[in-house]
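> Fold the following.
(one chain, ligands or ions: 1)
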Amino acid sequence: MSRLLTDEELDRQLQDLPGWAVDGTQLLAGFEAPDFPTAIRLVDEVAAEAEDMNHHPDIDIRWRTVHFALSTHDKGGLTQLDIELAHRISTAAGRFGVRSRG
Ligand SMILES: C[C@H](O)[C@H](O)[C@H]1CNC2=NC(N)=NC(=O)C2=N1
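Okay, the predicted model is just below:
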């Protein structure tokens, strides 16, 4: 599950991850919530998902905008764990009515 993904594998799987983009060794996405409390509720939900996976994002919170940066630190790049976490983040955002900025 945690080997580095090839560029082809990343390109193919990004088709199913609208709003996410690869930047070097990271998978990035920004989301805009209707208000600050909802942004924090999203981050709290993502924290639970990350703990469940034992795979944790870098998170930047600025008022209603939340940016996530995903990478598998132990491997120095992107693995299937990052893809899985991206899906969980996008799903959680949808549940909270938080739209992607991508
Ligand atoms: C020891 C612990 O399982 C590891 O440090 C986990 C924790 N969370 C992690 N999160 C991320 N993004 N990458 C990792 O390599 C990673 N490793």
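
> which parts of this protein sit against the ligand?
54, 55, 56, 71, 72, 73, 74 (CB under 6 Å from any ligand atom). For every residue, glycine as well, the C-beta is placed using N, CA and C.

> Which two among these are spaced furthest apart?
By the measure CB to CB, 54 and 71 form the most distant pair in those, at 14.5 Å.

> Of the two, which one has the most company?
Legend: neighbour count by other CB atoms under 10 Å for residue 54 and residue 71, higher for residue 71 (21 against 7).

> what sits against that one?
Shown in contact with residue 71 (CB atoms under 8 Å, 6 or more residues apart in numbering): 25, 26, 27, 58, 77, 78, 82.

> and the residue nearest the centre of the chain, how far is that from residue 65?
Taking CA atoms, centre = their mean, the centroid of the chain lies closest to residue 86, which sits 3.6 Å from it. When distance is defined by CB to CB, to the nearest Å, residue 86 is 17 Å away from residue 65.

> what's the answer for residue 15, then?
Applying CB to CB, the value for residue 15 to residue 65 is 25 Å.

> who's more crowded, those two?
Comparing residue 15 with residue 65 by other CB under 10 Å, the one with more neighbours is residue 65, at 15 against 7.

> For the more buried one, give me phi and psi.
Note on residue 65: backbone dihedrals following degrees, to the nearest 10 are phi -100, psi 130.

> Leaving out the residues flanking it, which one is nearest to it?
Nearest residue to residue 65, sequence neighbours excluded (CB to CB, 6 or more residues apart in numbering): residue 32, at 5.3 Å.

> Enumerate the beta-bridge partners assigned to the one you found.
residue 65, residue 99 (DSSP bridges).

> Wait, residue 80 touches residue 2, no?
Yes. Counting by CB atoms under 8 Å, residue 2 is a contact partner of residue 80 at 7.1 Å.
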